[in-house]
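> Show me how the following folds:
(chains A and B)
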Amino acid sequence: SQKIEQNSEALNIQEGKTATLTCNYTNYSPAYLQWYRQDPGRGPVFLLLIRENEKEKRKERLKVTFDTTLKQSLFHITASQPADSATYLCALEPGSARQLTFGSGTQLTVLP
Amino acid sequence: KAGVTQTPRYLIKTRGQQVTLSCSPISGHRSVSWYQQTPGQGLQFLFEYFSETQRNKGNFPGRFSGRQFSNSRSEMNVSTLELGDSALYLCASSLDTQGGNTEAFFGQGTRLTVV
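Numbers count the residues shown, from 1 in each chain, chains lettered A, B, ... in the order given. Coordinates of the predicted model:
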């Protein structure tokens, strides 16, 4: 069955360091992979989308890679700040349907 | 431009009752999706509507249903509520553009508690 795994439930890092979050998937051939941020009690907020023919995408301090051979995406936040503390979710979409399948999320805490 | 609006924000219902949740998408967005979020199962897709038609459906029992109106507003209904239906219900709207996919814009959700 299709499975999406995010490497850890929680990740603590020091302010200023780079946070790296991992998303692995199996039995899936997604056309797109997306990353969202979710704060407690709120809906997810879109951060980045990467297509299967793209290796890397950047937006300000964020960078996403997509390796369809390894079936893995890495999400990096450089120069992390306490305000980056949140749960980060990866989501896959087959491309033929408007239907996101989400990973369980990684709760990131950036310590001052 | 206004974001996705979900009403109500909080609801408490009794087992066996039914509930209707409402979602107003971003103006111009014709695709509306619904998700259930629980601590145990995470975010799970319920269904998606486009131009008043259900296009995709997740793996939920028939007690969960929805509809979309001509102005793209959507409602979801849960009948015969069970304790396990307690969750945050999220609505997301998106542009449905040909040739590429786009991000989903989520509302703040409706927190449903079944007692």
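> Which secondary structure state does the residue of chain A found nearest chain B sit in?
Nearest residue of chain A to chain B (C-beta to the nearest C-beta) works out as residue A:43 at 3.2 Å. From N, CA and C alone the C-beta is placed, and that goes for glycine too. Three-state assignment for residue A:43 (DSSP: H, G, I helix; E, B strand; the rest coil): coil.
> can you tell me how far it sits from residue B:107?
Separation of residue A:43 from residue B:107 (C-beta to C-beta, to the nearest Å): 5 Å.
> Find me the pLDDT at the residue of chain A closest to chain B, would you?
Listed pLDDT for residue A:43 reads 96.
> repeat for the one 5 residues further on
Among the per-residue scores, residue A:48 holds a pLDDT of 94.
> Neighbouring strands - and their directions - for the helix or strand harbouring it?
If you go by DSSP states H and E, residue A:48 is part of strand A:45-51. For strand A:45-51, the paired strands and their directions (DSSP bridges) are strand A:32-38 (antiparallel).
> Dump the C-alpha coordinates for the strand holding residue A:48 into CSV.
Extracted in CSV, the C-alpha atoms of strand A:45-51 (Å, rounded to 0.1, in the frame of the first residue of the first chain):
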residue,chain,number,x,y,z
VAL,A,45,0.0,26.8,4.9
PHE,A,46,1.7,26.0,1.6
LEU,A,47,5.4,26.5,1.4
LEU,A,48,6.8,24.9,-1.8
LEU,A,49,5.8,22.7,-4.6
ILE,A,50,8.3,20.6,-6.7
ARG,A,51,7.5,18.6,-9.8
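> C-terminal to that strand, what's the next element?
Counting by DSSP H and E, the next helix or strand C-terminal to strand A:45-51 is strand A:56-59.
> Sort out which residues of that next one are buried, please.
For strand A:56-59, the neighbour count (16 or more other C-beta atoms under 10 Å in any protein chain shown) marks residue A:57 as buried.
> Check the offset of it from the chain's centre.
From the chain centre to the centre of strand A:56-59 is a distance of 12 Å (C-alpha atoms, centre = their mean, to the nearest Å).
> Show me what it is packed up against.
Applying 3 or more C-beta pairs under 8 Å, 6 or more residues apart in numbering or on different chains; DSSP states H and E, one finds that strand A:56-59 contacts strand A:45-51, strand A:62-67.
> I'd guessed residue A:7 sits against residue A:73; true?
No. Using C-beta atoms under 8 Å, residue A:7 makes no contact with residue A:73, being 10.8 Å away.
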